[in-house]
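Participant: Show me the folded form of this:
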Amino acid sequence: MFFKNRTYRPLFLAQVIALAGTGLLTVALGLLAYQLAGQRAGAVLGTALAIKMVAYVTVAPVAGAFANLVPRRAFLVGMDLVRAAIALFLPFVTQIWEVYILIFLLQSASAAFTPTFQATIPDVLPEEKDYTRALSLSRLAYDMESLLSPAVAAALLTIISFHWLFGGTVIGFLGSAALVLSVRLPEAKRTGREGGVYDKTSRGLRIYLATPRLRGLLALNLSVAAAGAMVIVNTVVIVRAFLGRPESDLAVALGCFGGGSMVAALLLPRVLDERPDRSVMLLAAGLLAAVLLAFAGLLVGVAWSTTGTFTTVALDWFWPVLLFVWAVLGIGYSAVQTPTGRLLRRSARADDRPALFAAQFALSHAAWLITYPLAGWLSVAAGMPLTLVVLGTVTLLGLALAARLWPADDRGVIEHEHPELAPDHPHLTEGGTHGARQIDRQHAHEFVIDDLHHGWPSARFG
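Facilitator: Next up, the predicted model:
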């Protein structure tokens, strides 16, 4: 079993511990914002969230470009130690601007750590079946963090001040660093590739945008972000303001979303053994769009009054409907997210994976940077039904673009020509740099964008 891998197991535990620390940080940060800003805490948190996304979008490509210049283990441990040091300062801040600066620095370290960590796992687990199961396990770890961390924080807050929660964050990052330090990681292959800062930092993005399946993934990132933003931003509004339910029911609603995601993560490895990634991910995105639009229709047709609130009759039955809808959204969300690593793994050579994972990290969070404020501002300005319609339409648009950009015949081995290379070039010989097989003046191999392949082959070779 892949979990018996002596290198992967400590890495997975490192991820779990770091996620637990991050979950405590989320709760503590909200309470710190309330202490500093009172009723303006929402604005402070919203700004901090935007700063987090900006750090992810801007720092990840740069970090991914230069991650191969230092040993992976040293880089990952260093980023964990930086995150722990920054979290250590958070309990002592007294000004809101100090929170913003520390959050930017902490999330910048996370933007450097996470893609590099993700790009390491395919080298630790080279078999695709093992890697697929590792992706599902990673998805489960994220879902468990979203479910358990708030509960653990709530229990701790009964005996300690919220400032001590930052201590748990520090322990999480230090534990992650210790576990990463305990294993020997495969080093990414280094190349003698020339190029300036721009060439290095843009390489992952150029590979990403030149690969058809990843252009489809980019569109699916938008679908996932639209559906996810609806849940993350507006659940509290629906549960507390519209339904008038207690604070504990907010955790129940979010737990249903996380529970649906966990169910999908558990089932996906077997599904992906039998069905291609494209069909699974497109079907899941279609489910997200259909559920959002149907939910909007339910609000308008049955539950929503002319005053912009829930009718009295709707309050009696709407709660279980909401829980069901959120669980289904969780299933669709996970079914799109989980196979992402498989697409990235097969779309780049090993030495380009850190840059490509960093590009996905940045581009996916750029989508969230759009949909977070869209979900929040629309719900205030236009009401919840129209917000659902708009976000459902955005999800549907992402699905349509993905279906068009990602070819149904997405083969790995592709026949193509190299008219620019000499006939005796090593790449064109049997067993060359890509394990190519020669076919007259053409050859075929697992095709990825790299120094010898700058664009995707035309249809006549596919």
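Participant: so where do the strands sit in this structure?
Facilitator: Under the criterion DSSP state E, the chain carries strands at the ranges 413-417, 437-439, 442-446.
Participant: I'd like the average pLDDT over the shortest one.
Facilitator: Per-residue pLDDT values across strand 437-439 average out to 49.
Participant: All further residue positions should be reported with the first residue as 7.
Facilitator: Got it, first residue is 7 now, which makes that one strand 443-445.
Participant: got the domain boundaries for this structure?
Facilitator: Described in terms of automatic domain parsing, the domain architecture of the chain consists of the residue ranges 7-194, 210-415, 419-467.
Participant: Now render these as CSV, adding mean neighbour count.
Facilitator: Backbone N, C-alpha and C define where each C-beta goes, glycine included. Putting the domains of the chain into CSV (neighbours: other CB atoms under 10 Å) gives the following:
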stretch, mean neighbour count
domain 7-194, 19
domain 210-415, 20
domain 419-467, 14
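Participant: Any idea which of the ones you listed has the lowest pLDDT on average?
Facilitator: Across the domains of the chain, domain 419-467 has the smallest mean pLDDT, namely a mean of 61.
Participant: From what I see, L375 and I57 are in contact.
Facilitator: No. The pair L375 and I57 fails to qualify as a contact (CB atoms under 8 Å) at a distance of 10.5 Å.
Participant: can you give me the helices for the stretch 207-356 of the chain?
Facilitator: According to DSSP state H, counting those that start in this stretch, the stretch 207-356 of the chain carries its helices in the segments 218-242, 253-280, 283-304, 318-343, 346-351.
Participant: Can you say which of the ones you listed is nearest to F168?
Facilitator: For those, proximity to F168 was assessed by CB to CB; helix 253-280 is nearest, at 15.7 Å.
Participant: so how far is the closest one off the chain centroid?
Facilitator: For helix 253-280, the distance from its own C-alpha centre to the chain's C-alpha centre is 15 Å (CA atoms, centre = their mean, to the nearest Å).
Participant: can you state the direction angle for that helix and helix 318-343?
Facilitator: Helix 253-280 and helix 318-343 are oriented at 40 degrees to each other (axes from the mean of the first three to the mean of the last three CA atoms, to 10 degrees).
Participant: And helix 253-280, what does it pack against?
Facilitator: Packing partners of helix 253-280 (3 or more CB pairs under 8 Å, 6 or more residues apart in numbering; DSSP states H and E): helix 134-163, helix 218-242, helix 283-304, helix 318-343.
Participant: what packs against the first one?
Facilitator: To tie it back to what came earlier, the one meant is helix 134-163. Applying 3+ CB pairs under 8 Å, 6+ apart, one finds that helix 134-163 makes contact with helix 14-43, helix 102-130, helix 171-187, helix 253-280, helix 318-343, helix 346-351.
Participant: when you compare where the second one runs with where helix 171-187 runs, what's the angle?
Facilitator: For helix 102-130 against helix 171-187, the angle by the same axes, to 10 degrees is 30 degrees.
Participant: Helix 14-43 and helix 102-130, what's the angle between them?
Facilitator: For helix 102-130 and helix 14-43, the angle between their directions (the same axes, to 10 degrees) works out to 170 degrees.
Participant: For helix 102-130, name the packing helices and strands.
Facilitator: Of the remaining helices and strands, those touching helix 102-130 by 3+ CB pairs under 8 Å, 6+ apart are helix 14-43, helix 47-72, helix 78-95, helix 134-163, helix 346-351, helix 359-387.
Participant: now those in a markdown table, with distance to T217?
Facilitator: As requested, the helices and strands packed on helix 102-130 are arranged in a markdown table below (distance: least, CB to CB, whole Å):
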| stretch | distance to T217 |
| --- | --- |
| helix 14-43 | 26 |
| helix 47-72 | 16 |
| helix 78-95 | 24 |
| helix 134-163 | 18 |
| helix 346-351 | 9 |
| helix 359-387 | 9 |
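Participant: Can you say which of these is nearest to L256?
Facilitator: Between L256 and the helices and strands packed on helix 102-130, the tightest spacing by CB to CB is seen for helix 134-163, at 9.3 Å.
Participant: Next, the angle helix 102-130 makes with the closest one.
Facilitator: Direction vectors for helix 134-163 and helix 102-130, defined by the same axes, to 10 degrees, enclose an angle of 150 degrees.
Participant: And helix 134-163, how far out from the chain middle?
Facilitator: On CA atoms, centre = their mean, the centre of helix 134-163 falls 13 Å from the chain's centre.
Participant: returning to what we had before: and the helices and strands packed on helix 253-280: which comes nearest G70?
Facilitator: With CB to CB as the criterion, G70 lies closest to helix 218-242 of the helices and strands packed on helix 253-280, at 14.5 Å.
Participant: helices and strands around that closest one, which ones?
Facilitator: Under the contact criterion of 3+ CB pairs under 8 Å, 6+ apart, helix 218-242 touches helix 203-216, helix 253-280, helix 283-304, helix 318-343, helix 346-351, helix 359-387, helix 390-411.
Participant: any chance of those in TSV, plus distance to L30?
Facilitator: Shown next, in TSV, are the helices and strands packed on helix 218-242 (distance: least, CB to CB, whole Å):
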stretch	distance to L30
helix 203-216	31
helix 253-280	15
helix 283-304	29
helix 318-343	22
helix 346-351	26
helix 359-387	22
helix 390-411	30
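Participant: quick one: which of those helices is nearest Q41?
Facilitator: Shortest separation from Q41 across these is recorded for helix 253-280, at 18.0 Å, computed as CB to CB.
Participant: and that closest one with helix 283-304, angle?
Facilitator: 150 degrees.
Participant: W325 and L362: what is the separation?
Facilitator: To L362, W325 is 43 Å away according to CB to CB, to the nearest Å.
Participant: That should have said V242, apologies.
Facilitator: Between V242 and L362 the distance, using CB to CB, works out to 35 Å.
Participant: ok, now L272?
Facilitator: In this structure, L272 lies at 27 Å from L362, with CB to CB as the measure.
Participant: swap in L30?
Facilitator: For L30, the distance to L362 (CB to CB) stands at 31 Å.
Participant: What of L38?
Facilitator: Summarising the geometry, the distance separating L38 from L362, computed by CB to CB, is 36 Å.
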